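*Asks:* Curious how this folds, go ahead:
(chains A and B)
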Protein chains: 2
Amino acid sequence: MEIREVTGGVCAAKGFKAAGVHAGFRKGDRKDMAMVFTGTPANAAGVFTTNVVEAAPVTYDREAVKKSKIQAVVVNSGVANACTGAEGLNICKKSAKKTAEVLGIPEESVILGSTGVIGPQINFDILSHGIDILAPALGNDAKSAGDAAASIITTDTHSKEVAVEFELGGKTCHMGAMAKGSGMIHPHMCTMLCYVCTDAAISHDMLQKALSSVVVDTFNMISVDGDMSTNDSLIVLANGEAGNAEITEEGNDYEVFKNALNYICEKLAKMLAGDGEGATALFEVKVINADTKENARTLAKSVICSNLTKAAIFGHDANWGRILCALGYSGVKFDPAKVDLYIESDYGKQLIFTNGNEKEHSEEEASRILSAKEVTAIADMGSGIESATAWGCDLTYDYVKINADYRS
Amino acid sequence: MEIREVTGGVCAAKGFKAAGVHAGFRKGDRKDMAMVFTGTPANAAGVFTTNVVEAAPVTYDREAVKKSKIQAVVVNSGVANACTGAEGLNICKKSAKKTAEVLGIPEESVILGSTGVIGPQINFDILSHGIDILAPALGNDAKSAGDAAASIITTDTHSKEVAVEFELGGKTCHMGAMAKGSGMIHPHMCTMLCYVCTDAAISHDMLQKALSSVVVDTFNMISVDGDMSTNDSLIVLANGEAGNAEITEEGNDYEVFKNALNYICEKLAKMLAGDGEGATALFEVKVINADTKENARTLAKSVICSNLTKAAIFGHDANWGRILCALGYSGVKFDPAKVDLYIESDYGKQLIFTNGNEKEHSEEEASRILSAKEVTAIADMGSGIESATAWGCDLTYDYVKINADYRS
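*Replies:* Residues are numbered from 1 along each chain as shown, chains lettered A, B, ... in the order given. Below is the predicted model of the structure:
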């Protein structure tokens, strides 16, 4: 069951190639288009935004991953292709057709992703040019994967990649991924663009089942700003090149695969939360000893979504009243007198609230604990055995700065 | 049915006196305790926070307004008396007893309110001292009402009062109110401290009915930061001194009374939203032509709660994509292609989205419209005849500044 981190991003798994280029959507020579390609058609699964206003590529991919094996993903940053009407969707079809021609693969094996400003019509000439220069740039090394990862970010301060290897029936399998996402990140959807590529062999149905299961406690447990995007897509491609016996039912192999997928998704989810727009710290909230799993999740998410708590974290202020308050309005019933609240980081751990009252503690020490790059609030609900963890970030001047003038 | 604004705040209605003093909770000589008194016992109604973690005075008042007529309200700012356990509630009882003794009224006719930092135990000696100096300071003029209103604010930049007169059966009635609230303001609770005093005669049950009805489209339609406080209380006192025939059932008089109460509550709700922590503008969202009233409310509230939209308003950026996106994740189903979006202020009105696409418009003109002190976004859903309005504010550097270091 061992999972080992390796390098290589989306190219870590056998048979996957990637590229990232500047096509012309972004200013200067900033990379703005990525392509991922597998010669062996891959089973695909996806989780998408639940926003009623969904971007054209979301509408397109939602159907595509159900109907066909997938060989290529084309993603652009700079323009979201959202709220672009029938023409936006038509451009998705034209882009898939163009990609299919250039790569010599079936049109239905191409999926698309976009991220950036909502509204403006996406320019097909730039997309087409990007596809033309991406295809010959495809490589199966870490640099190619890195170029792809760098091409899909927007206000992210760094690109996000992770890759692991694990064993299935004596065969070494690989799973690599890239993600982007910094603002418009909120629970109850997959919260960003993320592409996971694995050479493990797994059926379409089991792949979708694993993904839908893993997303609940990973990407659905992060929030940067409570705004759910129109474009969020999490897609997994499995091309089977590792040569393991295809996973077609639950069992040990399925669990191993799901653990690897969970590792990848949790790691990327935390990276996204910690790199939230303007963030100076990753803010983790652990709810333990809750009565039900669902209540634990709801309580944890309520705290990471609280603007007041997030601003207090930015100020290194152990304002436990705001944490308790956010637990209180989550909709979950509980007895405040049974709750213990702790703060924790690499700099130490402190109990700050117990028995319905503040626990005497050093404010100075609390402030020092909260000055770490990753800080955790722990709420022991004292009413059961279920737990959940959510991830967010602090609310800073820079969040406001970035979003008061995103388009200029 | 005419409603005329008058001066006098909580002292506008016959028989009500008020005072505001510095008792010692706040720094310097800032006023921090208020008292409202009526010689004629008043029917009382209340709406309170739905937060599981409720402050001691909320627990106390919730029962008090059900059981007894009310003659006095004592409010402090600086400390919330929330998360203070059994001792916090005990101090409420002691404060009511002390007030009753000083004023010569029944203990059960006193209610209490607190606002400020959550957590620290409230100091009874300061409360007791405050009650001692408040009683002799009671006056029935505008200055006394103003002192009371000034004593209950915290991070508010100004105190909030409004008063009206109206006719019931040939008798002139008055209704005056004061409110506070700047942060921790969010729909689905009454969002602040607000005390409304009227000399109209109305039964306890009809008073509660009118209040519960009016709150839905006024205080429950504002949000500053999505954080629901532990202390929110909206209380109406009706002492009947105007001499009208007591309202005991629905009918014309009830409607007139409800209109007056709605006027007061809407006006104060907008004042609270516009004075949100760090706000530079009141942000109004009107949803029109929705399929149901409830959906109209949900859609409007989703937009005023969107951090991304609020930051865009601060930047005077007509980023309609964020507005449409927030409508989209509200949970209400609709067809984006049927939606028309407008922005409007004293500086003009612009259609910015229609037929599923951006409507060509001048960005410069849009930015000018959004630079007003009160800006409105109008979403015409094109799917019915119902409408709702919600009020919030922009998200600014100062919101973060205020909340990153509230306690120091």
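*Asks:* Show me what whichever helix or strand A:Met178 is part of is packed up against.
*Replies:* Counting by DSSP states H and E, the element that carries A:Met178 is strand A:171-180. Packed against strand A:171-180 by the contact rule (3 or more C-beta pairs under 8 Å, 6 or more residues apart in numbering or on different chains; DSSP states H and E) you find helix A:142-151, strand A:160-168, strand A:193-198, helix A:252-274. Heads up, the C-betas are built off the backbone N, CA and C, glycines and all.
*Asks:* Poorly predicted segments of the stretch 51-200 of chain A, please.
*Replies:* In the predicted model, the stretch 51-200 of chain A carries pLDDT under 70 at residues A:182-191.
*Asks:* hey, where'd the helices end up in it?
*Replies:* With helices called from DSSP state H, counting those that start in this stretch, the stretch 51-200 of chain A shows them at A:56-67, A:85-103, A:124-137, A:142-151.
*Asks:* winner for burial among the helices and strands packed on strand A:171-180?
*Replies:* strand A:193-198 (a mean of 29; mean count of other C-beta atoms under 10 Å in any protein chain shown).
*Asks:* Go ahead and measure how far that strand is from the middle of the chain.
*Replies:* Relative to the centre of its chain, strand A:193-198 is centred 9 Å away, using C-alpha atoms, centre = their mean, to the nearest Å.
*Asks:* what pLDDT, on average, does stretch A:249-258 get?
*Replies:* What stretch A:249-258 shows for mean pLDDT is 95.
*Asks:* Quick one: work out the angle between the strand holding A:Met178 and strand A:193-198.
*Replies:* Orientation check (axes from the mean of the first three to the mean of the last three C-alpha atoms, to 10 degrees): strand A:171-180 against strand A:193-198 gives 170 degrees.
*Asks:* Strand A:171-180 versus helix A:142-151: what angle between them?
*Replies:* Going by the same axes, to 10 degrees, strand A:171-180 makes 30 degrees with helix A:142-151.
*Asks:* Sheet partners, orientation included, of strand A:171-180?
*Replies:* strand A:160-168 (antiparallel), strand A:193-198 (antiparallel) (DSSP bridges).
*Asks:* Let me know which of the helices of the stretch 51-200 of chain A is tucked in deepest.
*Replies:* helix A:142-151 (a mean of 24).
*Asks:* from the chain's centre, how far out does that one sit?
*Replies:* Centre-to-centre, helix A:142-151 and its host chain are 17 Å apart (C-alpha atoms, centre = their mean).
*Asks:* Would you mind writing the CA trace of that helix as CSV?
*Replies:* What follows is helix A:142-151, C-alpha atoms only, in CSV (Å, rounded to 0.1, in the frame of the first residue of the first chain):
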residue,chain,number,x,y,z
ALA,A,142,9.5,16.6,-16.2
LYS,A,143,10.3,19.9,-18.1
SER,A,144,7.4,19.3,-20.5
ALA,A,145,5.1,18.6,-17.6
GLY,A,146,6.3,21.7,-15.9
ASP,A,147,5.7,23.8,-19.0
ALA,A,148,2.1,22.5,-19.1
ALA,A,149,1.5,23.2,-15.4
ALA,A,150,2.9,26.7,-15.8
SER,A,151,0.6,27.4,-18.7
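*Asks:* So for B:Gly15, which of the helices and strands packed on strand A:171-180 sits nearest?
*Replies:* In terms of C-beta to C-beta, the element of these nearest to B:Gly15 is helix A:252-274, at 56.0 Å.
*Asks:* What is that closest one packed up against?
*Replies:* Against helix A:252-274 (3+ C-beta pairs under 8 Å, 6+ apart) you get strand A:160-168, strand A:171-180, strand A:193-198, helix A:204-216, strand A:282-290, strand A:386-393.
*Asks:* now with 6 Å?
*Replies:* Where contact means 3 or more C-beta pairs under 6 Å, 6 or more residues apart in numbering or on different chains; DSSP states H and E, helix A:252-274 is packed against strand A:160-168, strand A:171-180, helix A:204-216, strand A:386-393.
*Asks:* Just the angle for that helix relative to strand A:171-180, thanks.
*Replies:* Calculated by the same axes, to 10 degrees, helix A:252-274 forms an angle of 20 degrees with strand A:171-180.
*Asks:* who's in contact with helix A:252-274?
*Replies:* Contact with helix A:252-274 is made by A:1, A:3, A:160, A:162, A:164, A:166, A:168, A:175, A:177, A:179, A:181, A:192, A:196, A:200, A:210, A:214, A:218-219, A:222, A:247, A:282, A:391-393, as judged by C-beta atoms under 6 Å, 6 or more residues apart in numbering or on different chains.
*Asks:* rewinding a little: could you point out which of the helices of the stretch 51-200 of chain A sits nearest chain B?
*Replies:* Closest approach to chain B among the helices of the stretch 51-200 of chain A is made by helix A:85-103 (4.0 Å; C-beta to the nearest C-beta).
*Asks:* Tell me the helices and strands packed up against the closest one.
*Replies:* Judged by 3+ C-beta pairs under 6 Å, 6+ apart, helix A:85-103 is in contact with helix A:56-67, strand A:70-79, strand A:110-117, helix A:124-137.
*Asks:* Format the ones you listed as TSV; extra columns: distance to B:Ile70.
*Replies:* Output for these, formatted as TSV (distance: least, C-beta to C-beta, whole Å):
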stretch	distance to B:Ile70
helix A:56-67	55
strand A:70-79	60
strand A:110-117	55
helix A:124-137	68
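*Asks:* which residues does the closest residue to chain B within the stretch 51-200 of chain A contact?
*Replies:* Nearest residue of the stretch 51-200 of chain A to chain B: A:Ile118, at 2.7 Å (C-beta to the nearest C-beta). Contacts of A:Ile118 were listed using C-beta under 6 Å, 6+ apart, and they are A:Ala80, A:Ala82, A:Cys83, B:Gly321.
*Asks:* and the nearest residue to it once chain neighbours are set aside, what are its phi and psi?
*Replies:* Spatial nearest neighbour of A:Ile118, chain neighbours left out: B:Gly321 (2.7 Å); criterion: C-beta to C-beta, 6 or more residues apart in numbering or on different chains. In this entry, B:Gly321 is assigned phi and psi values of phi -60, psi -40 (degrees, to the nearest 10).
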